[in-house]
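> My questions concern the predicted model and sequence given below.
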Amino acid sequence: MKAPRLGIAAALLLALGLLLLVSASVGGVFVDRMVARTLTRQAIAEVQGRAVAVARDLIAEQRASTGRSLSEDLADIATGTTYALLTDARGRFELSKGPAPPTMPAGGWAAGPPQGWFSYGGVPYVYASQDVPVEGAVWRLIVVRREAGLSRVMLVLGRILLLGGALLALMLLVGVLTAVRAITRPLDALRAFAERVAGASGEAGPAPPADSGLSEVDALAGAFREMLARLEAGRERERQFASDVAHALRTPLQVISGYLTTLARRGQEDEALRRQALATLRREVAGMGALIQRLLTLSQVSIDAPLALAPVDVDALLQETLPALRDSCPEHELVLRAGAAARACGDAALLAEVVRILVENADAYATSGGTVRVETASGGDWVEVAVTNPGPPLSAEVVPHLFERFQRGGRPAASGHVGLGLAIADRLVRRMGGAWRIDSAGGEVTFALRLLREGGGVE
């Protein structure tokens, strides 16, 4: 997954790089200008204060008649990088002291604002002016100072911004690569998992991890694990169905093969044998058809899809299906005793199939001459349907395996039952949220299913 990873990283780096470039440019310019304006205003304020103080001193000295000239006073002002200029009210030059700046403001000293700054060669100059009424006239005093320190500060600031941008870019690169790695590592696992599932072998292998730290990726991994569970359940159902078919059809196919061999050898000579063999073959073929239908039913009810339950009038359902139930109990008398007087939460078709299977099972295992009873009752939160037949108690070895496939309770295969009925009934009852009550005392065996009563709840 190198190419997709590089693609994600390149896209993220490009997008975040452009964002960083715009942010750094705007932010750098803003910071640079803000600092420059702050420092320049501070310098102008200092120069303006200096000009006011000098003007005050000049006025005081002239009034005191110390005998000092304006030139001497200006010389005291113009020290270091400070330049002092004296003009008349019209802006004509009168006197100056100190290092003169290489240029002047765009509007000149007279027409320009009373204070401000200008730049030459990258070095800023700040100035301020003040009127000075001395010697019977009004002069304008202009103080100019070269701010070499300010230029150095701005240079250092620019370097700091450049270094900060480089560090930010490096941190961004590391963060993007870390994020890409954190995202693509679980995605690599998901991709490998999907390839294993789609491979020819069909072996999915280990499920993808669920602790990537990214909720979206973890949710996707959870969906993959759920898909894996469903696939494995489907494969298990397929394997179980194939095993069931092979197991269930082995005996009837052996019987059919044996009778066909007998017919081929002696069928033309013995009319009675031929009739018996044909009757057996018809019975076995019909039994195979019913067996295959039950196998299909068992495979279908194994699916864990949600089942929509609805209120079922149990007594009315049994009265309606009583003729079909009697057909499923040809060897014994069938008696229905309805007394539930309550509706159960279930599925009418599935419930009728469960009762039919129980009646058929009771008819197969009931003692000769006995009666099979179907009874309903309700109490508490449950509605119960019980099918009872006379017979010996169930052994302790058989009870735990009653609902497993191909369990016949110790009866031989010639009974015509291959042990799928109770397995199907158990799946149907569990899909309806029901439970079993098994009793085999007093010479009777009872299989009772319990469904939740309408409006009831399980405590």
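Here it is on my side, so go on. It should be emphasised that the depicted structure is a prediction, and the values quoted were computed from it without experimental measurement.

> Burial check on the closest residue in space to residue 387 that isn't next to it in sequence, number of neighbours?
Excluding the flanking residues, the one nearest residue 387 by CB to CB, 6 or more residues apart in numbering is residue 358, at 3.9 Å. Where C-beta positions appear, they are placed from N, C-alpha and C, glycine not excepted. If you count neighbours by other CB atoms under 10 Å, residue 358 ends up with 26.

> is it true that residue 358 touches residue 447?
Yes - between residue 358 and residue 447 a contact is recorded at 5.1 Å, counting by CB atoms under 8 Å.

> domains for this protein, by residue range?
Domain ranges of the chain: 2-161, 215-299, 307-452, per automatic domain parsing.

> Tell me which of those is the most buried.
Highest mean neighbour count of the domains of the chain: domain 307-452, a mean of 18 (counted as mean count of other CB atoms under 10 Å).

> mind checking the end-to-end distance for it?
Criterion CA to CA, to the nearest Å; first-to-last residue distance in domain 307-452 is 14 Å.

> Can you get me a residue count around residue 189?
Neighbour tally, residue 189, other CB under 10 Å: 19.

> That one belongs to a strand?
No - applying DSSP: H, G, I helix; E, B strand; the rest coil, one finds residue 189 to be helix, outside a strand.

> State the distance from it to residue 230.
19 Å (CB to CB, to the nearest Å).

> ditto for residue 185
Residue 185 is 25 Å from residue 230, by CB to CB.

> will you turn the domains of the chain into CSV that also has mean pLDDT and distance to residue 175?
Putting the domains of the chain into CSV (pLDDT from 0 to 100; distance: least, CB to CB, whole Å) gives the following:
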stretch, mean pLDDT, distance to residue 175
domain 2-161, 72, 8
domain 215-299, 72, 18
domain 307-452, 84, 50
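
> can you list the ones you listed in CSV and add distance to residue 177?
Listed next are the domains of the chain as CSV, based on distance: least, CB to CB, whole Å:
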stretch, distance to residue 177
domain 2-161, 7
domain 215-299, 17
domain 307-452, 50
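
> looking at those domains, which is closest to residue 167?
Residue 167 lies closest to domain 2-161 among the domains of the chain, at 10.4 Å (CB to CB).

> Quick one: the strands in this protein, in order.
82-87, 93-97, 115-120, 123-134, 137-146, 310-313, 333-337, 343-346, 371-379, 382-390, 435-439, 444-452 (DSSP state E).

> Okay, now the sheet partners of the longest one, with direction.
The partner list of strand 123-134 in its sheet, established with DSSP bridges, is strand 115-120 (antiparallel), strand 137-146 (antiparallel).

> Now render those strands as CSV, adding distance to residue 280.
Shown next, in CSV, are those (distance: least, CB to CB, whole Å):
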stretch, distance to residue 280
strand 115-120, 117
strand 137-146, 124
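
> Looking at those strands, which is nearest to residue 63?
Residue 63 lies closest to strand 137-146 among those, at 14.4 Å (CB to CB).

> How far off centre is that closest one?
Its chain's C-alpha centre and that of strand 137-146 lie 74 Å apart, by CA atoms, centre = their mean, to the nearest Å.

> again with stretch 443-455
Here stretch 443-455 is found 42 Å from its chain centre; the criterion is CA atoms, centre = their mean.

> So residue 322 sits against residue 336, correct?
Yes - applying CB under 8 Å as the test, residue 322 and residue 336 come out as touching, 5.7 Å apart.

> How much space separates residue 98 from residue 117?
Here residue 98 is placed at a distance of 17 Å from residue 117 (CB to CB).

> Please read the previous query as pertaining to residue 402.
From residue 402 to residue 117 the distance is 102 Å (CB to CB).

> Going along the chain, name the helices of the stretch 1-150 of the chain.
2-64, 70-77, 108-111, 148-198 (DSSP state H, counting those that start in this stretch).

> and the second one, what does it pack onto?
Using 3 or more CB pairs under 8 Å, 6 or more residues apart in numbering; DSSP states H and E as the contact definition, the elements that helix 70-77 packs against are helix 2-64, strand 82-87, strand 93-97.

> Let me see the residues that make contact with the second one.
If I follow you right, that is strand 82-87. Identification of contacts with strand 82-87 by CB atoms under 8 Å, 6 or more residues apart in numbering yields 50, 54, 70, 74, 77-78, 93-101, 109-110, 132, 139-146.

> just the last one next, same as before
When contacts are taken as CB under 8 Å, 6+ apart, the neighbours of strand 93-97 outside the stretch itself are 70-71, 74-75, 77-78, 83-88, 139.

> what about stretch 96-106, start to end distance?
End-to-end distance of stretch 96-106: 20 Å, with CA to CA as the criterion.

> Could you find the closest non-adjacent residue to residue 325?
Leaving aside its sequence neighbours, residue 325 sits nearest to residue 359 (CB to CB, 6+ apart; 5.1 Å).

> so what's the one you found up against?
Neighbour list for residue 359: 325, 328, 329, 334, 372, 374, 387 [criterion: CB under 8 Å, 6+ apart].

> before we move on, what about residue 89?
Taking CB under 8 Å, 6+ apart, we find residue 89 in contact with 137, 138, 139, 140.

> Could you double-check that the third one lies in contact with residue 130?
No - Residue 139 lies out of contact with residue 130 (CB under 8 Å); the separation is 9.5 Å.

> For residue 343, find the nearest of the strands paired with strand 123-134.
Of all these, it is strand 115-120 that lies closest to residue 343, at 94.7 Å by CB to CB.
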